[in-house]
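Asks: model the structure of this input:
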Amino acid sequence: MRTCYDSRTTNRESSEPSLPMISSITMADKQNVQRSVKIAAGAVVCVESEIRGDVTIGPRTVVHPKARIIAEAGPIVIGEGNLIEEQALIINGYPENITPDSEVEPKTMTIGMNNVFEVGCVSQALKIGDNNVIESKADVGRNVILTSGCIIGAFCQVNTCEVIPENTVIYGSGCMRRVQTERPQPQTLQLDFLMKILPNYHHLKKTVKAGHHAS
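Replies: Numbers count the residues shown, from 1 in each chain. Below you'll find the model as predicted:
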């Protein structure tokens, strides 16, 4: 049974983002957790991004500078062809009533294929399918399961305990919902463009496999 700690769907355009707590990290810890980062061949991950903990990034996934991927409470597995933009935060964090030193079984966060995380969004959902778009400044809570083909509109906050049905669009100041007939198309052309352009202007994290060090 999944336990809910909050159940809200709100639009937060008029307020500052309520970011999840991220524990501090020492230099020694940073060196250790970086060894857990696995980047597949064909992924483009900028050095200026922050990736912490046991994180696996699939091929053709693009991670922009200043994006953050934080695996605190368990591993994060990101599939193929995802686009993670500047200042987006993907975090597998601890629930509000559990501290980092508590003995709890780690839960893996799984993100499928062809998802887009736009500028400044926050995603804590432990399960995300394929072809979803989380728009700028949107916030998806830990107890949400995002299926496939969904769009979470800009500034919308979804912190419910539910499975969002396929092709659902959440939008507007009232976080209204509707179902679209088709899921969003993969950002294939944009990914191709970014994979060619970003290496010209940014240093990239090296492709690494399990057990190797990501520099």
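
Asks: low-scoring stretches of the protein, by residue?
Replies: Scanning the chain with the threshold set as pLDDT under 70 gives 1-35, 99-102, 209-215.

Asks: quick check, central residue of it?
Replies: For the chain, the residue nearest the mean C-alpha position is Ile90 (3.2 Å; C-alpha atoms, centre = their mean).

Asks: scan this protein for its longest helix.
Replies: The longest helix of the chain (DSSP state H) is helix 188-201.

Asks: which phi and psi values does the residue nearest to the centre of the chain adopt?
Replies: When read as degrees, to the nearest 10, the backbone of Ile90 gives phi -110, psi 120.

Asks: identify the residues contacting it.
Replies: Ala67, Arg68, Ile69, Ile70, Ile76, Ile78, Ile84, Met109, Ile111, Phe117, Ser123 (C-beta atoms under 8 Å, 6 or more residues apart in numbering). Heads up, the C-betas are built off the backbone N, CA and C, glycines and all.

Asks: list of residues touching the longest helix of the chain?
Replies: The contact list for helix 188-201, computed with C-beta under 8 Å, 6+ apart, reads Val44, Cys46, Arg60, Val62, His64, Gly81, Leu83, Leu204.

Asks: now with 6 Å?
Replies: Contact with helix 188-201 is made by Val44, Val62, as judged by C-beta atoms under 6 Å, 6 or more residues apart in numbering.

Asks: same question, stretch 174-185
Replies: Here stretch 174-185 makes contact (C-beta under 6 Å, 6+ apart) with Thr9, Asn11, Asn131, Val133, Gly149, Cys156, Asn167, Thr168, Val169, Ile170.

Asks: where exactly do the helices run in the chain?
Replies: In the chain, the segments counted as helices under DSSP H are 27-34, 188-201.

Asks: which strand residues bridge Ala71?
Replies: Asn92 (DSSP bridges).

Asks: separation between it and Ile90?
Replies: As for Ala71, its distance to Ile90 is 9 Å (criterion: C-beta to C-beta, to the nearest Å).

Asks: which one of the contacts of stretch 174-185 has the most neighbours?
Replies: Of all the contacts of stretch 174-185, the most densely surrounded is Cys156 (28 neighbours; neighbours counted as other C-beta atoms under 10 Å).
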